[in-house]
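Engineer: Could you look at this predicted model? Sequence included:
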Amino acid sequence: MLKLEKALIAQGDFAMRADFTLEAGRKYAVIGPSGAGKSTLLSAMCGFVPLAEGRMVWRGQDITDTAPDARDMTMLFQDNNLFPHLTVMQNVGLGLRPDLRLTVAQKQQVAQALARVELAAYEQSKPANLSGGQQSRVALARVLVQARPVVLLDEPFAALGPALRNEMLDLVQDLVAQTGAALVMVTHAPDDVHRIADEVIFVESGRAHAPRPAADLMENPPPELRAYLG
């Protein structure tokens, strides 16, 4: 489905190679030491960081030079990227139209997305009036209305407590199951891998390794992963 072919991702003195394929409907955890390039890998996949070498192929089409907004992907960042001056409905509506000139049908899409994340009663609230978990749900609703076949998560729930974090992971898992999207999630927590991932992409020493089955990799880690996990 999505292929990184002999890709070199470079920023300043940092360089990382990746050569792997992601399949529809699979959930991938991206793990590795701090500074190894996990977030950079997602940024390259989304088009925010250009490839220095190699190419990216989506459903047989070369998208190496395709602009981020023209790729069939959506990305949820660590800080949820909500605009404080906009209402919950407007923040979600940005996923459909940056100018917020929504049609009646698009407004219904936003309302349905908010209902699915249990925020229907908060359409006119501002982010500052929401809890951390509610803000994460708003960001998820924006991902939901875009209905892209690849969803990238860059540790969006890192600041949440364990119970709320697990609740959000389960919600993400349910949403991607409904749409059949591929999910790629950066995490530092082995518990997240056990909870949600089908496969693991281990990033270390300048390489994003090809995905391996999560259960096998976590139970029988290679030396480098064992050292990371402690």
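Structural biologist: Alright, I've got the coordinates.
Engineer: in the protein, which spans are helices?
Structural biologist: Per DSSP state H, the chain carries helices over the ranges 38-46, 88-93, 104-116, 132-146, 162-179, 190-196, 214-219, 223-229.
Engineer: Any idea which of those helices gets closest to L152?
Structural biologist: helix 38-46 (4.8 Å; C-beta to C-beta). All C-beta spots, glycine's among them, are computed from the backbone N, C-alpha and C.
Engineer: So for that closest one, mean pLDDT?
Structural biologist: Mean pLDDT, helix 38-46: 94.
Engineer: next one: stretch 62-71
Structural biologist: Mean pLDDT, stretch 62-71: 93.
Engineer: Could you do stretch 20-34 as well?
Structural biologist: 92.
Engineer: nearest spatial neighbour of E224, skipping sequence neighbours?
Structural biologist: Leaving aside its sequence neighbours, E224 sits nearest to E204 (C-beta to C-beta, 6 or more residues apart in numbering; 5.4 Å).
Engineer: next one: V150
Structural biologist: M73 (4.2 Å).
Engineer: and what of D62?
Structural biologist: R55 (5.6 Å).
Engineer: ok, the one you found touching A18?
Structural biologist: No - judged on C-beta atoms under 8 Å, R55 makes no contact with A18 at a distance of 11.3 Å.
Engineer: more crowded one of the two?
Structural biologist: A count of neighbours by other C-beta atoms under 10 Å puts A18 above the other of R55 and A18, at 23 against 14.
Engineer: Look up which residues are beta-bridged to the more buried one.
Structural biologist: For A18, the beta-bridge partners are A7, A208 (DSSP bridges).
Engineer: so who does it touch?
Structural biologist: L4, A7, I9, L41, A44, G54, R207, A208 (C-beta atoms under 8 Å, 6 or more residues apart in numbering).
Engineer: From F77, how far out is it?
Structural biologist: 20 Å (C-beta to C-beta, to the nearest Å).
Engineer: ok, now G32?
Structural biologist: From G32 to F77 the distance is 18 Å (C-beta to C-beta).
Engineer: cool, V193 as well?
Structural biologist: For V193 relative to F77 (C-beta to C-beta), the value is 20 Å.
Engineer: Counting neighbours, go ahead and name the busier of the two.
Structural biologist: Neighbour count, other C-beta under 10 Å: between V193 and F77, V193 has more, with 22 against 15.
Engineer: The more buried one touches V30, doesn't it?
Structural biologist: No - with contact defined as C-beta under 8 Å, V193 does not reach V30; the gap is 9.7 Å.
Engineer: who touches both of those two?
Structural biologist: Common neighbours of V193 and V30, counting by C-beta under 8 Å, 6+ apart, are T187, V200.
Engineer: May I see the buried residues of the helix or strand of the chain with the lowest mean pLDDT?
Structural biologist: Scoring the helices and strands of the chain by mean pLDDT, DSSP states H and E places helix 223-229 at the bottom, with a mean of 82. Using 16 or more other C-beta atoms under 10 Å as the test for burial, helix 223-229 gives L225, Y228.
Engineer: and the residue lying farthest from the centre of the chain, how far is that from A121?
Structural biologist: In the chain, the residue that sits farthest from the middle, by C-alpha atoms, centre = their mean, is V104; the gap is 28.4 Å. Distance from V104 to A121, counting by C-beta to C-beta: 21 Å.
Engineer: Count the neighbours of P162 for me.
Structural biologist: 9.
Engineer: do the one 5 residues further on as well
Structural biologist: The burial count assigned to E167 is 16, neighbours taken as other C-beta under 10 Å.
Engineer: Quick one, grab the pLDDT at the residue lying closest to it once chain neighbours are set aside.
Structural biologist: Distances taken as C-beta to C-beta, 6+ apart place G133 nearest to E167, at 7.3 Å, with adjacent residues excluded. With respect to pLDDT, G133 scores 83.
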